[in-house]
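Colleague: I need the structure of the sequence given here:
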Amino acid sequence: HRLPVEVIRKTVVACKKQKLRTIVCAQSLSKIKKVASFKPDYIAYEPSSLIGSDKSVTSAKPNVIVKAVDLVKASKTKLLVGAGVHSSEDVGQALLLGVSGVLIGHALPKAKDPKKFLKELLI
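Modeller: Below is the predicted model:
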């Protein structure tokens, strides 16, 4: 569930004090911009409309991914993308757009052979 921005900030600060790595999910560029100022280790961009779909964020919103990469460049935060990532092509396209990696959700548990699925994602 979505948390208020101030709760996210406090959580990132508390995690840093405990030397824990943080991944914060964000569904919009405005949220990415706010969250990047807290300097989490990772921000995962996942457009709500694509979560659980068969359409990959890399093909549906490539321009937004490039903008998101630009928003986190100034911080040490790495950007991940998720939503509809099902193939090595999706992973490769994400990397070409400048992200550090992908976030896999429903595709893995729904796969007939999860181990084979993960191997096929490797590029």
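Colleague: got the contact list for residue 109?
Modeller: Applying CB atoms under 8 Å, 6 or more residues apart in numbering to residue 109 gives no contacts. Where you see a C-beta, it was placed from the backbone N, CA and C, and this is true even at glycine.
Colleague: where does residue 7 sit: helix, strand or coil?
Modeller: When classified by DSSP: H, G, I helix; E, B strand; the rest coil, residue 7 comes out as helix.
Colleague: so what's the residue count around it?
Modeller: The number of residues packed near residue 7 is 10, by other CB atoms under 10 Å.
Colleague: distance check, it against residue 14.
Modeller: The gap separating residue 7 from residue 14 is 10 Å, by CB to CB, to the nearest Å.
Colleague: separation between the most centrally placed residue in the chain and residue 26?
Modeller: The C-alpha lying nearest the average C-alpha coordinate of the chain belongs to residue 44 (CA atoms, centre = their mean; 2.2 Å). The gap separating residue 44 from residue 26 is 7 Å, by CB to CB.
Colleague: quick check: phi and psi at residue 44.
Modeller: The phi/psi pair for residue 44 (degrees, to the nearest 10) reads phi -110, psi 120.
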